[in-house]
Structure formats: C-alpha cells, structure tokens
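1. sharing a sequence plus its predicted fold:
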Amino acid sequence: LPGSDMKTSFLQRCSRATITPYYLAPCRFLHRSAPLYDISHLETGLCSSKLLQLADEAKRDCQRLSLDAKCPTRSLFALDEISNRLCLVLDLAEFIRQVHPSDELKETASCTIMSLGEYMEQLNVDEALYRILQANTPLISSEDERQCAINLITDFETSGIHLGTRDKARAVALTGQIDTARVQFEHFCQRESQPVTLPSSACSLVQRYMEPSTIHTEGSTTSFQTLYPQVLLEMLPDSKHRHKVYLSTYAVDDEQAAIGLHMLRCRHELSLLTGFESCNHKQAAHLMASSPHIVFEFLSSLAKQLRPLAEEQYHEMAAFCHYKDPVYTHDISYLARQMRIHRLRPNIHAYLSLKNALDGLNLVTMSAFGARIEAASISQEEQWAPDVFKLKLFDLETAELLGVVYCDFFARSNKNNHATHYNIQSGRLHHPVGGWDQQIPVVTIAWGFPPGSAFLSFRQLTTLFHEFGHVLHSLLSRTRLQNISGTRVHFDFAEVPSTFMERFLLHYDVVKQFAINADGKVLPEDQFNAAVAELNDTLACDALESVNNALLDHFYHSAEFQEHGDMQQPYQHVAEEYGVLPYDGVARWSRFMHLSTYGGSYYTYPWSEALSAMIWKHTMQDDPLNSEAGAKVRAHLYATGRSKDPWEIMSELIGYKPTPQEIAQAYFQEVQQRTSQQISTAPKGF
C-alpha cells in the first residue's frame, strides 16, 4: 500500500502489506547462482531473536552492496539487490506486525521496522549512489532496466537528494516521526469499541461477537466491547441500539487525534522540505493523475454525479424494508442486510463453500490466464495459526512453479482482520548480468472470516476474487528486477488487476461452473441474478462512500488543512458537501486506517475501478473465459509490473490513451448502468 513518506522510495517500494513466510534461508551474497531465498527452506520457524538477526544480516549485506552500487556498470543491479534484501525483512516484519498471533514477535517486528527504516533513510539521501545511477542511466539499452533506473532516480529526487546536510537530517527525523505515528494511528484504528450498554435481551443476538473479558451484566442490561462493530450494526433490529454501538465505535479519542494531526503535519513539512506545495502534490507528481487538481476534479465531479444515484438507493432501501423512520448512517448496514436476506431466499451460501470459491478461482486462472492452482502440503512450523493453508500456482503450458500463496482466512482477536494481500517475496527472473537466479514470488491473503464458517456470501466471494487479483499480479509478474515486479506499480494503477478479477463474477456462465451445492445442484440463474442485484442495490452508495473517503484523504493531505488542523472538519465538510445522509458528528476518521498509508492517494480505488472497467469492455466482456483475450491481459496487465508506463499498458489493452474525464465518465456510466433497475418491495412477512 502506498505511503507519502520519504521512506517509501526505491528501498521500500514494498506493498506496505507484504509478507515472506518467515522461515528464510540463510542470506547469500550477490553474484551467486542460487536464489537468495529458497522457499524450500521455510520450515525452520522464527523467533524474535531470528528476526533481529535477519535485520542485522540485511543491513550488513546492504552495506557491502552499497559499495558495489558505486561501480557505474553495477549501480542499477546493486540498488535492486539492496531493495530486495531490505524488503524481504521489512515485508516480513510488517506482515508479523499486522497478522501474527505472537505479541512478543509483533513488538520485535515493530522494532525491526524502525531499525531498518533508519538505515534506509540514510541510503535514500546518499548522493554518491544517486550521481552514479544518474550518469549511467543514458547508457542503459534495456527498456525494463531503463524504466527501473528512471523510477529510482525519481525516488531519490522525491526523497530530497538535493537537500543540504541540515535539511537532510531534518527529513530523516521527520520520516522517523511519521513512521512512529503511522503505527500508533493504525493501532487505534483496530482497537475494540468503547464500552456500550444494551438490554441483555438484545445482546443475545450478537453475543458471539462480544469480547468475553469485557462483558458485564447488571440487572437487565449488559455492557461490553467488540472487535466486530460492523456485524452488530448489521444484526441489531433496534435503531437506538445500533446508534449506541455506532457512537461507541467512532468515539473521539483525543490521543488518537493528536497522533493523526502530528502525522499529517510531519508529512506536510516533509513535502515542503523536498520541494512540493503539499503532500498531495508530492504524491501525485509521478502518478498517472499527475496533479492534485486533476485528482480533485476527478473525485468532486464523480461525487456530484453519484450523489443522486446514492440518494435514490437509500430511499429504495428504506422502501424495500418498509422502514418508516428517518434513515441515518448507523441504519444502513442493517437495512442492507435485511435486503440481502430477503433477496437471496433460499440461501445462496449453500452454493458458495470455500472449496467452491477456490475452485472458481482455479477455473478463471486456468481458462483465462493459462495457470493452475494446486493445494500444497504445509508443515506445522510454517503455520503461524492452525487454520493457515498453502497453495501453489503453476503455468499450464510449461508446468513452471509461478509462486506460492499462504491463506490465513479466519479472524483472530489480535490480527488485522481486513481482507489484505501481503506480498511476501517479490519475484524476479534470472538475470545473468545482474548476477541472480530466479526468485519465486510468495504472498499471503489474510482475512477476518468468522471462525468455523465454511460458506461465503456473494459479497465475500467478490472480496476473495479481488484479493486474488492482487495475488495474480504478484505471481504472474515476469520482470527481471524485483523493484518493478508485481504490485510495485504506480499507486493509481495497483487496484486495476484486483478489480478486474471481480468482473468474472458478474457472468453466470462463469459462476455456474463452480457454484454447486452439496447435492450437486448448480446455482439457479434467478438466484445468481438476485445475488448480482443485491450487489447493485447498494452499488451507488458504496461508490459514493469510496469517492468521499478519497476526498477525505485528499483534504487531510492538503495545504489548507494545515491552516486549521481540526481532524473533524474535513469529515464534516465531505459529509455535508458530498454526502447524502445527515452529518452525524462522530469521528469516522478514527477507523479510517488508510489515512496512515495512502497519504493523499486513496483516489486510486475509484480511478482503478474505472480503468479496469475500460479494459474489461475492450478485452473479455463478450467472452470472459476466452483464453486468447486472457493471454493478452496476462501479458500486458499482470506480467509487466512497473516495467511499462501504465498509460502505455492502457493503450495496448484498449487501443488509446484515455483522458481523466473519460476515466471518470467510464466509472459513472458503469455504476449508472448497474443500478438502473428499480428495487422491488420486500415480500410479505418481511
């Protein structure tokens, strides 16, 4: 995931959410024929001391490699190798910090990130490395190597390579403060709700989602805290009870507000120091959108177009549910769930077991992209939790191992339970001049699926396909340098492969091949249509929420925000100017974890949705499992990483370079088309 900090440069173009299964082979030095990290050695386990040892080894290796990087003919390859060594440990540490069940190891991982971060910051402003790479770049003849070198030079310059000694020291200090604040802010985002008190009779519906150690019953009421407030908002039938949960979830925390404000102010100061008007300017300068003005015009025009569609959907939602009271934000999840329940009778879950979902992924991967998924054996030492399992991806034609996927699907109390793709080990091909053999990509998908559940909703199936789009982006990558491999692309292009994968599920001819119940019956088409309609029922609302979150991120990272520094003001402005439902006064930003990582680039979600819609329309819309069209998409979208400019990729796939206005229009038109059918009222007995 992107970040705006100086640290997020060539030395950490990791996905912020990245993982190496933490059983690593001993480090080897450059110019050895064997892979640096061989996944056959992932069976020794890892403790805190081993993680610290890996960090120390990486730092020593990079100190040697930095000398190699000052040789003109070796500079690019040595820099890529430095990036590889550091990311292998940093991505591992970030994964542990987010997902691993051991609190001790989490703490060590946080220390590791800080320790290696300080070293990375020094390399980011090493003038000798920059000058040698800059002088040698015009001599590079290979397109992918030249693109990588240009990216590295840009990163050096964005990081403040031009600064004087005092300003460089200040930039390094600011980056350290930003990193610390980011970790602290994310911790608050994932905290339990504040204590909430409800009638004990109401709590019986949601008791399994209440943290046992916090439950206290007195008379006819029960107080508790929860890690699953969204589930409670979906299930509680009384609006007053939902409102209490909502308020406890988004309660203002003065300490978190101070941390968030400090993080944003440090980012702004760092941006000014490195020659940009704001964090937004720094972030957009080298992305597809290219300027904050284009980003704001894209988002504000979309919000204004989507607002009437979303407002209509909210009214239709209330009418469907025969809901007579005024609709507030805390009511939406409940009303949406009621619509799902009554639209999808009989239950569609019976056709969507986890096994069937994985079969569906394999169907698409084989038919469209020429690769197959196989279950792989996993040792006890490899499993950081008992229900973690492993998959491998092979090329259909050559039987070549393309990569490894670890699946951690079920919720735990000390885990980031948001569906996330973690890039463990970036892949790269054999490079005789670079001096390395092929490195196999390794990733994981982490999720917060309720423990014990074996069946998915259609929305959860869509989430799984989305995350697997990121997986394919990592595993199908065919670049020779890891710095430009897989998901390490422009931030506003990173979600294109994932949202592209979702579109396979909009076609019954695809879904009917794997959605089969225990009796061998195929999901009926009318139930499939109802499931798609259920997605569309709230599509405009969801789209507007995504755009408004991007506007929120944009305003927080603007120069104007620094003038008042009020964490609540941007949320109030967005809600009143671009929202539909009444402003509720809660601190929604306190759960907006992407505020810590995107740094002004959260617009990438609607932007990428639009790009993937354009690609789908020009490639696979008429025949989703067409192998010829799939091969084209694999070659140009999934295999190229950052070795090509994304505008060039778009031209190759759709035949022209779209304008920002055309991109916005493509997004709006798709939402408008999918939401054009009116919602009927609920059946009798609702």
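-> Structure received. Numbering: from 1, shown residues only.
2. my read: Gly641 touches Ala494, true?
-> No - Gly641 is beyond contact range of Ala494, at 10.7 Å (criterion: C-beta atoms under 8 Å). All C-beta atoms are positioned from the backbone trio N, CA, C, and that covers glycine.
3. the more surrounded of these two?
-> Counting neighbours by other C-beta atoms under 10 Å for Gly641 and for Ala494 shows that Gly641 has the greater number, 28 against 23.
4. tell me the spacing between that one and Arg428.
-> Using C-beta to C-beta, to the nearest Å, Gly641 is found at 9 Å from Arg428.
5. give me the common contacts of those two.
-> The contact sets of Gly641 and Arg428 overlap at Thr479, Ser485 (C-beta atoms under 8 Å, 6 or more residues apart in numbering).
6. so what's the closest residue to Pro441 other than its chain neighbours up against?
-> Using C-beta to C-beta, 6 or more residues apart in numbering and skipping the chain neighbours, the partner closest in space to Pro441 is Gly427 (3.3 Å). By C-beta under 8 Å, 6+ apart, Gly427 lies in contact with Gly403, Gln438, Gln439, Ile440, Pro441, Ser474, Leu475, Ser477, Thr479, Gln482, Ser485, Gly486.
7. and Ser558, by the same measure?
-> Counting by C-beta under 8 Å, 6+ apart, Ser558 has contacts Ser278, Cys279, Asn280, Pro292.
8. cool, and Ile654?
-> By C-beta under 8 Å, 6+ apart, Ile654 lies in contact with Met614, Ile615, Lys617, His618.
9. quick one, which of these are buried?
-> Neighbour counting with 16 or more other C-beta atoms under 10 Å marks Met614, Ile615, His618 as buried within these.
10. so the last one makes contact with Leu653?
-> It stands for His618. Yes - using C-beta under 8 Å, His618 is in contact with Leu653, at 6.3 Å.
11. and Pro237, how far is that from Gly448?
-> According to C-beta to C-beta, Pro237 and Gly448 sit 24 Å apart.
12. neighbour count winner among these two?
-> Taking other C-beta under 10 Å, Pro237 and Gly448 do not tie; Gly448 has more neighbours (18 against 10).
13. measure the more buried one to Asp91 for me?
-> Distance of Gly448 to Asp91, given as C-beta to C-beta: 21 Å.
14. residue ranges with poor pLDDT in the stretch 401-550 of the chain?
-> Scanning the stretch 401-550 of the chain for pLDDT under 70 picks out 434.
15. just the strands in it please.
-> Per DSSP state E, counting those that start in this stretch, the stretch 401-550 of the chain carries strands over the ranges 401-410, 420-425, 442-449.
16. now these as a markdown table including distance to Thr365?
-> Listed next are the strands of the stretch 401-550 of the chain as a markdown table, based on distance: least, C-beta to C-beta, whole Å:
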| stretch | distance to Thr365 |
| --- | --- |
| strand 401-410 | 10 |
| strand 420-425 | 15 |
| strand 442-449 | 14 |
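17. out of these, deepest packed?
-> When you average the neighbours per residue for each of the strands of the stretch 401-550 of the chain (mean count of other C-beta atoms under 10 Å), strand 420-425 leads with a mean of 27.
18. that strand packs against which elements?
-> Judged by 3 or more C-beta pairs under 8 Å, 6 or more residues apart in numbering; DSSP states H and E, strand 420-425 is in contact with helix 75-99, strand 442-449, helix 458-475.
19. same thing but 10 Å
-> Applying 3 or more C-beta pairs under 10 Å, 6 or more residues apart in numbering; DSSP states H and E, one finds that strand 420-425 contacts helix 75-99, strand 401-410, strand 442-449, helix 458-475.
20. now those as JSON lines including distance to Gln513?
-> Below are these laid out as JSON lines (distance: least, C-beta to C-beta, whole Å):
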{"stretch": "helix 75-99", "distance to Gln513": "32"}
{"stretch": "strand 401-410", "distance to Gln513": "21"}
{"stretch": "strand 442-449", "distance to Gln513": "22"}
{"stretch": "helix 458-475", "distance to Gln513": "14"}
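21. how close does the nearest residue to Val196 once chain neighbours are set aside get to Arg191?
-> Once flanking residues are discounted, Val196 sits nearest to Ser248: 4.1 Å by C-beta to C-beta, 6+ apart. Distance, Ser248 to Arg191, using C-beta to C-beta: 11 Å.
22. which residues are in contact with both of those two?
-> By C-beta atoms under 10 Å, 6 or more residues apart in numbering, Ser248 and Arg191 have these common neighbours: Gln225.
23. more crowded one of those two?
-> Using other C-beta under 10 Å, the more surrounded residue of Ser248 and Arg191 is Ser248, with 21 against 15.
24. mind listing what the more buried one touches?
-> Contacts for Ser248 (C-beta under 10 Å, 6+ apart) come out as 192-197, 223-226, 229, 232, 586.
25. for Trp589, what are its contacts?
-> 185, 189, 250, 252, 256-257, 260, 549, 552-553, 556, 567-568, 570-571, 574, 595.
26. ChimeraX command for the buried members of these?
-> This is the ChimeraX syntax for the buried subset of those, where burial follows 16+ other C-beta under 10 Å:
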select :185,189,250,256,257,260,549,552,553,556,567,570,571,574,595
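27. now the helices: where do they sit in the stretch 201-350 of the chain?
-> Per DSSP state H, counting those that start in this stretch, the stretch 201-350 of the chain carries helices over the ranges 229-235, 239-249, 254-273, 279-284, 292-320, 329-343.
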